[in-house]
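S.K.: Would you be able to build a 3D model of this:
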Amino acid sequence: MDEAFVPLSGVGKNALNLALERAKAFPSTEKVVLLGLESYNYSGLPQESNDFSLILRENWTRKGVLEVISQVQTGFDLVYFAWADCPFLDPALTGDLTERHIKYAAHYSYADGFPYGFSPELLSPGTGGILFSIDKDGDIPLERDALLTVIQKDINAFDIETEISPVDLRLHRLCLTADSKRNLLLINRWLEASKNFPNASIAADLVEKNPELLRTLPAFYNIQVIDTCPQSCSFCPWPITGRSSSTASMEMEKFHNLLDKIEDFSSDAVISLSLWGEISLHPQKMELIHMVLERPALSLIIETSGIGWQASEIETLAVESSKLPIRKSPLLSSSLSWVISLDAHDPARYKEIRGSGFSEATACAKQLLNLFPGKAYVQAVRLKDAEDDIEAFYRFWREAVQPKTAAQAGVLPSSNHVIIQKYDHFCGVLPKLQASDLSPIIRRPCWHIMRDLYITVEGDVLLCREDLEAFGLKKEQRFNVFIDPMEKIWEAGKKLYIDHSTGIYPDKCGSCDEYYTYNF
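M.R.: Numbers count the residues shown, from 1 in each chain. This is a model prediction of the structure:
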């Protein structure tokens with residue numbers, strides 16, 4: 001990623017330089033091998049020598065990396081594997097992990113509970129070759145969890161050790177990796193806040209005392225491109241706004257300009273075209289979808305009722321998206337993903353909840369699951385007193401799609417395409433019909449205020465999806481993405497996030513139970 005070559009705040013070196021320096025400081029390191037891309041300029045790195053090698057390829061597949069690991073590990077007692085965009089690799093934490101790895105004669109070891117980027121993964125001699133031999137479907141782009149993914153193919157055959165953080169920081173989903181504008185900002189903030197070079201031992205304290213560091217840039221933009229639906233769902237609050245009879249849609253030129261602003265501000269992001277409206281009803285829906293797909297830094301997710309789509313449209317999108325490269329964004333690797341909201345297995349209950357269209361929606365869901373393996377999901381909202389139907393829904397759709405190839409079996413386990421969604425009462429606007437209380441014991445700041453932006457068909461910005469009152473505000477009381485700078489819009493939400501961080505939940509936030517749900 002380009003961000004790995006950008007000098008860091010107050011350091012004067014980039015993430016790549018720092019990662020290499022810190023890798024050399026790992027216990028008993030004799031040689032560092034950098035697997036690079038031919039498209040990047042690596043001038044300024046050490047010359048080829050006994051303790052450094054640079055291997056360049058046009059692209060790296062998982063299989064290719066495992067092959068190189070199996071080759072270079074010959075003659076060495078241990079292999080450290082880390083990504084070269086991790087400037088905070090911690091030799092001290094790595095030392096503890098190495099000691100544990102050797103003591104218990106592990107095949108594979110990793111650190112758990114720390115923010116990603118502090119520790120490498122460890123492989124014993126010969127383990128890389130074993131992984132290479134069992135990875136029959138590894139001719140795919142390399143991802144960060146590549147080693148563990150292959151190990152899980154036969155996990156009982158490996159001895160695995162873990163160095164566990166004294167404070168579990170996984171809930172913050174932190175990636176201290178220079179792979180996006182968002183994460184580069186996070187790295188620079190950590191450098192500034194730590195007053196020294198950050199390491200794993202101070203990570204928990206840094207997060208606790210500086211929660212504002214975590215709100216960097218939006219990762220998820222939920223955009224209303226049309227404000228009408230073919231159905232009127234019993235648990236949808238949209239009719240309460242008085243806008244459900246409207247047929248307004250976002251113009252293509254405005255949508256194009258909005259994507260420009262999003263790329264300029266966030267660089268990468270996940271785009272949803274499903275805020276309060278059914279995109280299948282938009283007269284230029286295919287053009288809007290293409291506008292997102294043609295931007296390599298943006299990923300698209302469409303949440304749909306499954307009504308209003310032509311089979312030929314879905315077939316076209318499947319062919320087109322299959323030809324697109326893996327997204328450059330670390331948020332979502334697929335260019336196009338789908339969520340089909342069905343909410344019921346029984347046709348009579350479907351009609352009660354959503355209205356007519358069960359057969360069409362079901363057929364659409366089956367087509368999407370078939371044409372987008374691992375990238376399409378069926379969804380049902382779990383409601384009180386409807387557990388029998390939810391269980392039937394889960395069982396039916398779990399078995400509805402079977403992998404056709406070994407490669408699909410790796411991305412399409414039996415139930416990964418079924419989403420059981422929690423019920424949202426929209427801060428008490430709707431009846432409280434939750435089947436169970438899933439809220440954490442200790443409340444955390446809202447994920448949506450931290451990482452999302454919600455935009456109406458006119459370009460008005462909502463605080464979040466629960467912010468239905470915003471539709472009653474005058475224009476001058478709302479920010480608008482077609483008028484106001486993105487920096488100003490995003491900065492305006494900072495105070496509310498800080499309030500949440502200090503235990504203050506103003507207005508409807510106090511009665512909201514969506515704060516712990518997560519998009520991207």
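
S.K.: any chance you could map the helices in the stretch 201-350 of the chain?
M.R.: 203-209, 252-266, 285-293, 311-322, 347-353 (DSSP state H, counting those that start in this stretch).

S.K.: From the contact counts, what lies against the longest one?
M.R.: When you say that, I think you mean helix 252-266. Packed against helix 252-266 by the contact rule (3 or more Cβ pairs under 8 Å, 6 or more residues apart in numbering; DSSP states H and E) you find strand 220-223, strand 269-272, helix 285-293, strand 298-304, helix 486-492. No exception for glycine: its C-beta is placed from N, CA and C like everyone else's.

S.K.: Can you give the distance from the third one to the centre of its chain?
M.R.: The chain centre lies 21 Å from the centre of helix 285-293; the measure is Cα atoms, centre = their mean, to the nearest Å.

S.K.: State the number of residues packed around residue 224.
M.R.: When neighbours are defined as other Cβ atoms under 10 Å, residue 224 has 25 of them.

S.K.: any idea which of the helices of the stretch 201-350 of the chain is most buried?
M.R.: Burial of those is given as mean neighbour count (mean count of other Cβ atoms under 10 Å); helix 285-293 ranks first at a mean of 19.

S.K.: tell me the angle of that helix relative to helix 252-266?
M.R.: Using axes from the mean of the first three to the mean of the last three Cα atoms, to 10 degrees, the inter-axis angle of helix 285-293 relative to helix 252-266 is 20 degrees.

S.K.: Only the C-alpha atoms, please, for helix 285-293, written as CSV.
M.R.: What follows is helix 285-293, C-alpha atoms only, in CSV (Å, rounded to 0.1, in the frame of the first residue of the first chain):
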residue,chain,number,x,y,z
LYS,A,285,-29.6,1.5,-10.3
MET,A,286,-27.1,-0.3,-12.6
GLU,A,287,-25.3,2.9,-13.4
LEU,A,288,-25.0,3.8,-9.7
ILE,A,289,-23.6,0.3,-8.9
HIS,A,290,-21.1,0.6,-11.7
MET,A,291,-19.9,4.0,-10.4
VAL,A,292,-18.9,2.3,-7.1
LEU,A,293,-17.4,-0.8,-8.7
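
S.K.: elements contacting that helix?
M.R.: Packed next to helix 285-293, using 3+ Cβ pairs under 8 Å, 6+ apart, are helix 252-266, strand 298-304, helix 311-322.

S.K.: related to what we said a few turns ago, for the helices and strands packed on helix 252-266, which one ends up most surrounded?
M.R.: Highest mean neighbour count of the helices and strands packed on helix 252-266: strand 269-272, a mean of 26 (counted as mean count of other Cβ under 10 Å).

S.K.: and the gap between the residue nearest to residue 355 when sequence neighbours are not counted and residue 371?
M.R.: In space, and not counting its chain neighbours, residue 355 is closest to residue 231: 4.3 Å by Cβ to Cβ, 6 or more residues apart in numbering. The gap separating residue 231 from residue 371 is 23 Å, by Cβ to Cβ, to the nearest Å.

S.K.: OK, contacts around the closest residue to residue 7 other than its chain neighbours?
M.R.: Take residue 7 and drop its neighbours on the chain: the residue closest to it by Cβ to Cβ, 6+ apart is residue 14, 5.4 Å away. By Cβ atoms under 8 Å, 6 or more residues apart in numbering, the residues touching residue 14 are 4-8, 87, 178.

S.K.: any chance you could map the strands in the stretch 401-520 of the chain?
M.R.: 418-422, 452-455, 461-462 (DSSP state E, counting those that start in this stretch).
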